[in-house]
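Visitor: 3D, please:
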Amino acid sequence: MPRQYPIEKVRNIGIIAHIDAGKTTVSERVLFYTGVSHKIGEVHTGDTVMDWMEQERERGITITSAATTAFWSPTYRNHEKAFEHRINLIDTPGHIDFTVEVKRSLRVLDGAVVVFDGVAGVEPQSETNWRYADEYKVPRVCFINKLDRAGASFEKSFRSIIDRLTPNAIPLQLPIGAESDFKGVVALLENKAYAFEGEHGEKIVEIPIPDEMKETVAAHRHDLIEKIAEQSDDVMAAYLDGKEISLEDLRKTLRKGVIANTIVPVLCGSALKNKGVQFMLDAVVDYLPSPADLPPIMAHDEKTGAEVRVALTDETPFAGLAFKIATDPFVGNLAFFRVYAGVLKRGSYVYNSTKGAQERIGRIVRMHANDREEVDEIYSGEIAAIVGLKSTTTGDTLCDPDHAVILEKITFPEPVIGLRIEPKTKADQEKMGTALHRLAEEDPTFRVAGDNDTGETIISGMGELHLEIIVDRMKREFNVDANVGRPQVAYRETITAEGDAEGKYIKQSGGRGQYGHVRLRVAPRERGAGFEFLDEIKGGAIPKEFINPTEKGVKEALDKGIVAGYPMVDVQVALYDGSFHEVDSSEAAFKIAGSMALQEAVKRAKPVILEPIMKVQVIVPDNFMGEVTGNMNAKRGRIESMDDRPGLKVINAKVPLSELFGYATELRSMSQGRGSFTMEFDHYEPTPANVAQLIIEGKKR
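Guide: Purely as a prediction, here's the structure:
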């Protein structure tokens, strides 16, 4: 079957934002205006298409990213070629505990719409998402939403984008009126004003630009055209000669700037009040890239590791990336994937180059939230899901068996919080193992481990809500009842000085003995640099075959920790000397010697315990600020800044995670239920000596 939509007409976009900025409401309007759904779902009534999980509808938040396909033709064109662009849309969560969903979605998307709350402007999670988009060089369009709310200000929100995210932002529209008087928008390129009429704002009506705005509109339009002209020498020359630049040329040049990430257009509206969403869709089609606009991507040859350029066309051998694994109650395992090159057909065989395994493609489905549409083939630049792959997990490359390449993997943040969990009954025991395995396959930031000392199962994740949802899903989807312990902080250990030591393992037990002898030097590395092992053996003091076992012994000792049993990070270990016995030396002996030497060297290198520090934003009414800041200081928090919003104070602070358990309840009681807060992991830092002592005692008990 030939390709239905040319690649130039495809847009793969994500909607990203801080929690409660209105992403899902924007997505629901997109589905309505593009004709995918005939009724607008609302988050507050729990009937949205994109938030389809029971847990999402109950809590009114997005937990998992949902993918769907819509079709759109810009509003300013005649609609003979109605809905000529295919938009593959992913609605992502805003809550920091589910940040993995945003990161993996941005890895495979070509563009993003970043939604901001018109009252709050840039919020902590907006910054994190923006950083992820920078990492993957994803072109963006901004949409300042909720301009109908009391206290909303386009100007203030726009300034926060300039100050905190990018100096390249430029308004493409200005709002007419504010708060309850928000009527419509002025499109600066066209120099026209529009209002939205009809029951759902589906009728776009041109209105005169209000007299009091004409001067402001002229100034902003001048700045916009100047910024666009900077993107092209020809347009700049015409602009400097005072020539009128056609709308078509302005759009083309603006598109070039957006794709190059040198301009970020800012639009405005109110999704809940059905204003401005159609123009946002126009901007997606006009300015965000199609897969054909992107340069070839870099991959690595599976055998040689050499860099390979993969052209994003249907003619190139097949290459795709599995970016998400989901468990569907009706069809089983679903692997969401993005086709970068070539065509994938049902019934064909592909090679998983990350795992070195062959996979058969049984069924290919296009997802519309939790509905499925079966298709026979998927072309380059498209996003779909495969049913029933055996060994594929998140981040794996699927490719043509004769052209094995490995695409860049996705790196995920480490979990910062753990829970002990045990099945309630014997029947739950077997089911719990299966459920945890399936959930860990789906979510790379969720880990399951056994505590060797107590035999208990420990689950770790990004936050209390993350683990609460996991336990809830175990109960509902897998019918597993479990008892859950108190949340525990994922502490780490490291060293702050250099130290060296020798490890000697000698055992004589009749016949052949055991002999391993090593000398190690340890040194601290900067935070986040990880573990490094250096082989500095000269003159064959230790034979080559015993180097690897020594490193293994070192790694095992690091994982168990030295101070309080927490994994040790950011350490450089150099093996610089030792000796061996012709007959008695063995791999096992050197492994034990390596472990012994490391433990001794670490004790001499001033070891410390590291604790996760969270970036916290608290929003409270003015009159509760004193009590809240006092409480924050008592929690060893460092207040970094305070901002004002109408009637509210916004407190930004860094606070140790261990002090924040149950903080939501505390904040409610301090602020008569009117305060709210968000937090996300920021960094690890050494704990004060008195706190470290309590951690060690607690662990040893």
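Visitor: When you work out contacts or count neighbours from here on, use the C-alpha atoms and nothing else.
Guide: Noted.
Visitor: Check the gap between the residue most central in space within the chain and Arg338 for me.
Guide: For the chain, the residue sitting closest to the mean C-alpha position, by C-alpha atoms, centre = their mean, is Lys103 at 2.4 Å. Using C-alpha to C-alpha, to the nearest Å, Lys103 is found at 14 Å from Arg338.
Visitor: With Gln572 instead?
Guide: 38 Å.
Visitor: more crowded one of the two?
Guide: For Gln572 versus Arg338, neighbours defined as other C-alpha atoms under 10 Å are more numerous around Arg338 (27 against 19).
Visitor: quick one: low-confidence parts of the stretch 51-200 of the chain?
Guide: 51-66, 76-83, 93-101, 104 (pLDDT under 70).
Visitor: Now do the contacts for Gln488.
Guide: Contacts for Gln488 (C-alpha atoms under 8 Å, 6 or more residues apart in numbering) come out as Ile417, Gly418, Leu419, Ser658.
Visitor: Pull the distance from stretch 6-18 to the chain's centre.
Guide: 16 Å (C-alpha atoms, centre = their mean, to the nearest Å).
Visitor: what comes up buried for that stretch?
Guide: The neighbour-count check on stretch 6-18 (16 or more other C-alpha atoms under 10 Å) flags Ile7, Lys9, Val10, Arg11, Asn12, Ile13, Gly14, Ile15, Ile16, Ala17, His18 as buried.
Visitor: Just the helices from the stretch 601-701 of the chain, written as ranges.
Guide: For the stretch 601-701 of the chain, the helices defined by DSSP state H, counting those that start in this stretch occupy 625-634, 663-670, 689-700.
Visitor: From the buried residues of stretch 6-18, which land in strands?
Guide: The members of the buried residues of stretch 6-18 that map onto strands under DSSP state E are Val10, Arg11, Asn12, Ile13, Gly14, Ile15, Ile16, Ala17.
Visitor: Mind picking out the helix or strand in the protein with the poorest mean pLDDT?
Guide: helix 54-59 (a mean of 49; mean pLDDT, DSSP states H and E).
Visitor: Could I get the pLDDT score of Ile297?
Guide: Per-residue pLDDT puts Ile297 at 84.
Visitor: contacting residues for it?
Guide: Arg309, Val310, Ala311, Leu312.
Visitor: Can you pick out the most distant pair from these?
Guide: Maximum pairwise distance among the contacts of Ile297 (C-alpha to C-alpha): 9.5 Å, between Arg309 and Leu312.
Visitor: who has more neighbours, these two?
Guide: Leu312 (24 against 13).
Visitor: Tell me the bridge partners for the nearest residue to the more buried one once chain neighbours are set aside.
Guide: For Leu312, ignoring the flanking residues on the chain, the nearest one in space by C-alpha to C-alpha, 6 or more residues apart in numbering is Ala341 at 4.7 Å. For Ala341, the beta-bridge partners under DSSP bridges are Ala319.
Visitor: how many neighbours does Ala341 have?
Guide: Applying other C-alpha under 10 Å, we find 26 residues neighbouring Ala341.
Visitor: quick one on the thing from earlier: overlap in contacts, Arg309 and Leu312.
Guide: With C-alpha under 8 Å, 6+ apart as the test, Arg309 and Leu312 both reach Pro296, Ile297.
Visitor: For Phe533, which of the helices of the stretch 601-701 of the chain is the nearest?
Guide: helix 689-700 (27.3 Å).
Visitor: Please point out which parts of that closest one sit buried.
Guide: Ala692, Ile695.
Visitor: Put the alpha carbons of it into CSV.
Guide: In CSV, the C-alpha atoms belonging to helix 689-700 read as follows (Å, rounded to 0.1, in the frame of the first residue of the first chain):
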residue,chain,number,x,y,z
ALA,A,689,27.6,14.5,60.8
ASN,A,690,24.7,14.2,63.3
VAL,A,691,22.3,13.1,60.6
ALA,A,692,24.9,10.7,59.1
GLN,A,693,25.2,9.1,62.6
LEU,A,694,21.4,8.6,62.8
ILE,A,695,21.4,7.0,59.3
ILE,A,696,24.2,4.6,60.3
GLU,A,697,22.5,3.6,63.5
GLY,A,698,19.2,3.2,61.8
LYS,A,699,20.7,1.0,59.1
LYS,A,700,22.7,-1.1,61.6
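Visitor: got a list of contacts for that helix?
Guide: So helix 689-700 is contacted by Val563, Ala564, Gly565, Val608, Ile609 (C-alpha under 8 Å, 6+ apart).
Visitor: doesn't Arg492 make contact with the last one?
Guide: What it means is Ile609. Yes. Between Ile609 and Arg492 a contact is recorded at 5.9 Å, counting by C-alpha atoms under 8 Å.
Visitor: And these two? Which one has more around it.
Guide: Using other C-alpha under 10 Å as the criterion, Ile609 and Arg492 rank with Ile609 on top: 28 against 24.
Visitor: Quick one: residues contacting the closest residue to the more buried one other than its chain neighbours.
Guide: Take Ile609 and drop its neighbours on the chain: the residue closest to it by C-alpha to C-alpha, 6+ apart is Glu493, 4.4 Å away. Contacts here follow C-alpha under 8 Å, 6+ apart; on that basis Glu493 touches Gly561, Ile562, Val563, Tyr566, Pro567, Met568, Val569, Pro607, Val608, Ile609, Leu610.
Visitor: Now intersect those residues with the strands, please.
Guide: Pro607, Val608, Ile609, Leu610.
Visitor: can I assume the last one is in contact with Ser658?
Guide: It refers to Leu610. No. Using C-alpha under 8 Å, Leu610 is not in contact with Ser658; the gap is 11.6 Å.
Visitor: Compare the two (neighbour count), which wins?
Guide: Leu610 (22 against 17).
Visitor: Spatially nearest residue to that one (excluding sequence neighbours)?
Guide: Nearest non-adjacent residue to Leu610 (C-alpha to C-alpha, 6+ apart): Pro686, at 4.3 Å.
Visitor: number of nearby residues for the closest residue in space to Arg140 that isn't next to it in sequence?
Guide: Of all residues not flanking Arg140 in the chain, Ala112 sits nearest, at 4.8 Å (C-alpha to C-alpha, 6+ apart). Ala112 sits with 26 neighbouring residues when counted by other C-alpha under 10 Å.
Visitor: Remind me what whichever helix or strand Ala112 is part of packs against, helices and strands.
Guide: Secondary structure assignment for Ala112, by DSSP states H and E: strand 111-117. Applying 3 or more C-alpha pairs under 8 Å, 6 or more residues apart in numbering; DSSP states H and E, we find strand 111-117 packed against strand 10-17, strand 140-145.
Visitor: Quick one: list the elements packing against the shortest one.
Guide: What that stands for is strand 140-145. Counting contacts by 3+ C-alpha pairs under 8 Å, 6+ apart, strand 140-145 is packed against strand 111-117, helix 154-164, strand 264-268, helix 277-287.
Visitor: Would you mind giving those as a markdown table with distance to Ser460 added?
Guide: Output for the helices and strands packed on strand 140-145, formatted as a markdown table (distance: least, C-alpha to C-alpha, whole Å):
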| stretch | distance to Ser460 |
| --- | --- |
| strand 111-117 | 29 |
| helix 154-164 | 32 |
| strand 264-268 | 37 |
| helix 277-287 | 38 |
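Visitor: Quick check: which of these is nearest to Leu321?
Guide: It is, among those and with distance given as C-alpha to C-alpha, strand 111-117, at 16.9 Å.
Visitor: Can you check what angle separates the very next helix or strand once past the closest one from strand 140-145?
Guide: Using DSSP H and E, the helix or strand that follows strand 111-117 in sequence is helix 124-135. Angle of helix 124-135 versus strand 140-145, following axes from the mean of the first three to the mean of the last three C-alpha atoms, to 10 degrees, is 160 degrees.
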